[in-house]
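Asker: got a predicted structure here, sequence first:
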Amino acid sequence: MKARALIWGGICALVVLAARVLAYQLAPRPMLVGSTLEQAVGGPRLVVTAGVGLVGALVVAAASVWLAVVAVHERHCSPAGRGRSRFASPVCSAARSSSSG
């Protein structure tokens with residue numbers, strides 16, 4: 001379902017960009033129409049765009065590191081592990097005993 005939403009979002013973005021390209025190419029006075037469209041559409045400034053991109057990248061990086069930490073923790077807590085490892089904690093022991101019976 002998410003893939004379908006991403007595809008439709010990409011298609012919509014391409015349609016908007018194609019319409020803008022056509023509007024710029026078909027205008028008799030490109031500078032006048034370009035400045036009018038630019039004022040009407042507006043958009044965020046470069047600093048805002050860069051900040052949002054940086055925060056988004058930080059969120060994705062933190063989520064992937066968190067997922068790796070959870071995976072390693074689950075791996076060391078699993079009963080199929082090689083006995084008690086140096087990372088095993090009392091939490092792992094409690095989880096193992098409660099899940100076994």
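Answerer: Yep, it's here.
Asker: next, count neighbours for residue 23.
Answerer: 13 (other CB atoms under 10 Å). All C-beta spots, glycine's among them, are computed from the backbone N, C-alpha and C.
Asker: likewise the one 3 residues further on?
Answerer: Using other CB under 10 Å, the number of residues around residue 26 comes to 9.
Asker: ok, now residue 79?
Answerer: Residues near residue 79, counting by other CB under 10 Å, number 10.
Asker: sec struct for it, please.
Answerer: Each residue gets one of three states, and residue 79 gets coil by DSSP: H, G, I helix; E, B strand; the rest coil.
Asker: quick one: it and residue 4, what's the gap?
Answerer: Computed with CB to CB, to the nearest Å, the distance linking residue 79 and residue 4 is 39 Å.
Asker: swap in residue 63?
Answerer: 22 Å.
Asker: same question for residue 50.
Answerer: Using CB to CB, one gets 30 Å for the distance from residue 50 to residue 4.
Asker: cool, and residue 22?
Answerer: Counting by CB to CB, the gap from residue 22 to residue 4 is 27 Å.
Asker: cool, thanks, talk later.
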